[in-house]
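# build me a structure from this.
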Amino acid sequence: MDHSTACLLFNLIFWPLFIIGAAFLLRKYMQGGQFTKKTDETGKVFIVTGSNTGIGKETVLEIAKRGGTVYMACRDMHRCEKARQDIIRESGNNNIFARELDLSSLESIRNFAVGFTEEQDKLHVLINNAGVMHCPKTLTKDGFEMQLGVNHMGHFLLTHLLLDVLKKTEPSRIVVVSSSAHSLGSINVDDLNSEKSYGKIAAYTQSKLANILFTRELAKRLEGTGVTVNALHPGAVDTELMRTWKFLDNWFVAFLAKPLQWTLFKTPKSGAQTSLYAALDPELKEVSGLYFSDCKAKDVSAAAKDEKTGIFLWEESEKWTGVNTP
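Coordinates of the predicted model:
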């Protein structure tokens with residue numbers, strides 16, 4: 001074999017293997033922090049919203065494996081029941097329940113809360129996981145802009161309706177799934193409902209900022225109750241949230257994007273790790289009002305620390321949802 005042939009063979013074999021190996025290493029790195037502590041959740045009751053797929057489903061599965069009783073609160077009951085059966089089969093835990101919850105309907109939220117409190121007198125952890133992202137302008141059943149309505153207003157009402165049982169069960173926790181996108185957001189005090197103008201990215205980042213402001217304000221109001229509340233960024237995760245990215249509808253674009261998604265995005269299981277950390281880590285028993293990413297505390301944007309805006313949002317949220325708080 002001459003030198004040029006040997007070089008050609010080397011290049012044909014080495015470089016593809018090098019690229020594949022580098023991609024695998026980068027993928028592993030991009031999965032981020034993992035919650036590896038062993039905990040026993042037997043006897044504890046959890047609610048996870050939006051848990052029929054993605055991060056929510058993986059969160060329920062891990063809690064189920066640890067013995068917890070979990071209520072899967074979902075809009076699509078057919079998909080929720082299928083996911084529930086998958087989780088029971090994989091975890092061996094039968095204490096997994098599917099209940100209807102449409103966060104775009106205040107009536108549905110109230111019905112869910114009534115039904116839950118009739119079934120249970122305990123709630124150790126509420127995980128506000130459900131969300132929508134970058135959707136075309138749509139209104140909830142009560143006339144709220146969909147992203148703010150589902151991501152913030154719906155969870156605002158749900159949380160308040162469950163506060164009494166959370167306080168009764170203390171020490172208990174509320175976990176709010178937000179996003180690093182909150183740092184790009186602002187609360188439009190003159191057009192909170194996007195009636196004058198609408199941008200799907202601006203509406204999404206506003207809703208994620210609202211999650212953080214809600215968490216920080218609620219933490220203050222819950223001081224001394226034994227109920228903590230923390231927010232988190234799950235990371236860039238390959239989930240159904242990306243179904244609204246219309247450019248991926250093009251098969252050629254999707255074909256080119258798939259290797260990048262596989263390499264750079266977290267799996268749903270890795271995306272659930274910070275939710276599990278915030279919900280289960282014993283060291284966070286008395287920690288409240290913080291924001292986590294990759295199972296570590298992280299700082300939030302300046303806008304997320306604006307107490308005046310936080311109070312404005314709180315008061316508007318009370319009006320929109322009909323909640324009366326002290």
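# what part of the chain, helix or strand, is modelled with the least confidence?
One helix or strand of the chain scores below all others by mean pLDDT, DSSP states H and E: helix 251-264, with a mean of 57.
# poorly predicted segments of the protein, please.
1-31, 235-264, 266, 325-326 (pLDDT under 70).
# just the helices in it please.
3-30, 54-65, 77-91, 106-119, 146-148, 155-161, 163-168, 200-221, 251-264, 268-271, 273-280, 307-321 (DSSP state H).
# can you redo these as JSON lines with mean neighbour count and distance to S183?
Any C-beta I mention is one placed from the backbone N, CA and C, and that applies to glycine too. Converted to JSON lines, the helices of the chain look like this (neighbours: other Cβ atoms under 10 Å; distance: least, Cβ to Cβ, whole Å):
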{"stretch": "helix 3-30", "mean neighbour count": "11", "distance to S183": "19"}
{"stretch": "helix 54-65", "mean neighbour count": "25", "distance to S183": "20"}
{"stretch": "helix 77-91", "mean neighbour count": "16", "distance to S183": "32"}
{"stretch": "helix 106-119", "mean neighbour count": "16", "distance to S183": "28"}
{"stretch": "helix 146-148", "mean neighbour count": "25", "distance to S183": "17"}
{"stretch": "helix 155-161", "mean neighbour count": "23", "distance to S183": "20"}
{"stretch": "helix 163-168", "mean neighbour count": "18", "distance to S183": "28"}
{"stretch": "helix 200-221", "mean neighbour count": "23", "distance to S183": "8"}
{"stretch": "helix 251-264", "mean neighbour count": "12", "distance to S183": "19"}
{"stretch": "helix 268-271", "mean neighbour count": "22", "distance to S183": "19"}
{"stretch": "helix 273-280", "mean neighbour count": "26", "distance to S183": "16"}
{"stretch": "helix 307-321", "mean neighbour count": "16", "distance to S183": "14"}
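# compare those helices and give me the one nearest N230.
helix 273-280 (5.0 Å; Cβ to Cβ).
# and the nearest residue to D164 once chain neighbours are set aside, how far from K141?
Spatial nearest neighbour of D164, excluding adjacent residues (Cβ to Cβ, 6 or more residues apart in numbering): T117 at 8.0 Å. Here the criterion is Cβ to Cβ, to the nearest Å. By it, T117 lies 22 Å from K141.
# M72 too?
Between M72 and K141 the distance is 21 Å, computed by Cβ to Cβ.
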